[in-house]
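# Turn this into a structure:
(one chain, ligands or ions: 1)
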Amino acid sequence: MRYLVLTDIHANLEALEACLADAAARGYDRTLVLGDLVGYGADPNAVVARIRGIDPLAIVRGNHDKVACGMEEADGFNSVARNAVRWTFDVLTAEHRAWLADLPQGPHQVSELVEICHGSPFDEDAYVFDELDAARALKASSRPLCLFGHTHCPVAFELSSEGLGSFAPSDQSRVQLIDGSKHLVNPGSVGQPRDGDPRAAYAIVDEDARCVDMFRVKYAVGEAQAKVIKAGLPEVLVQRLALGR
Ligand code: ZN
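Numbering: from 1, shown residues only. The predicted structure follows:
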């Protein structure tokens, strides 16, 4: 089984379409979505409709999904995120809000090999940035490969008998899964990268080859930016897409 892994799409339809086209050329069987479909970007309804149409094998909610559908307050959000999530709540159709509200909480065990979550397997809203965070997350994960998002930064941690190691992929890279090790991998954000590379990020997990391939894809950033401007969303969100920060 080959899984396409998408996370932190953030209502960026151009980035999502670019990833789907790139992944289709490489081939995959089913899709896993790790949350934050909406928030920040200008196409929340189109992105929700597109993901629903894909019929993911598994999906978990993100913190922006919870606030955008009205099930949680924007308490932990900064002013830009709060502004964007209010706008998102207003423009989402009632049907899409209800669908987002129904998304399950992670972690979710997809197979004997793979588990998915938004932030961390011990807390869907926790951020995994460094090896200390990763050690906690790996302890809580129940599969050899735990896929996560939330930070918008691609990274792979491996806990082996020799200890914990990590690497941050800069371009197309492969994480080979090692028997006896536990792996914690963030493919990076589809719609709002924050690692200094503005290209959309996604991954494909190949269960037979026991590897995770991580990809970066150029997309029509200008088109996504124009929509954000037209929607009247905060200007920092426009700049951010070009910078990948
Ligand atoms: Zn996010």
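# For the protein, which segments count as strands?
Remark: strands of the chain, listed N- to C-terminal, are 2-6, 30-33, 58-59, 108-109, 114-116, 145-147, 155-160, 163-167, 173-176, 182-186, 200-206, 211-217; assignment by DSSP state E.
# So which residues make contact with the third one?
Going back to what we said before, that points to strand 58-59. Applying CB atoms under 8 Å, 6 or more residues apart in numbering, the contact partners of strand 58-59 are 32-35, 51, 103-104, 108, 110, 116. C-beta coordinates here come from the backbone N, C-alpha and C atoms, glycine included.
# Centre of the chain to it, how far?
From the chain centre to the centre of strand 58-59 is a distance of 12 Å (CA atoms, centre = their mean, to the nearest Å).
# Over to stretch 155-167?
Counting by CA atoms, centre = their mean, stretch 155-167 is centred 21 Å from the centre of its parent chain.
# Keeping just the C-alphas, turn that stretch into CSV.
Extracted C-alpha coordinates of stretch 155-167, given in CSV (Å, rounded to 0.1, in the frame of the first residue of the first chain):
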residue,chain,number,x,y,z
VAL,A,155,11.5,16.7,9.8
ALA,A,156,12.2,13.0,10.5
PHE,A,157,13.1,11.6,13.9
GLU,A,158,14.3,8.0,14.5
LEU,A,159,14.6,6.3,17.8
SER,A,160,16.9,3.3,17.5
SER,A,161,18.8,1.2,20.0
GLU,A,162,21.6,3.8,19.6
GLY,A,163,19.4,6.7,20.6
LEU,A,164,17.4,9.5,19.0
GLY,A,165,18.4,11.1,15.8
SER,A,166,16.8,13.6,13.5
PHE,A,167,17.2,15.2,10.1
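# who's in contact with that stretch?
For stretch 155-167, contacts defined as CB under 8 Å, 6+ apart pick out 128, 131, 134-135, 137-138, 168-169, 173, 175, 178, 180-186, 212, 214.
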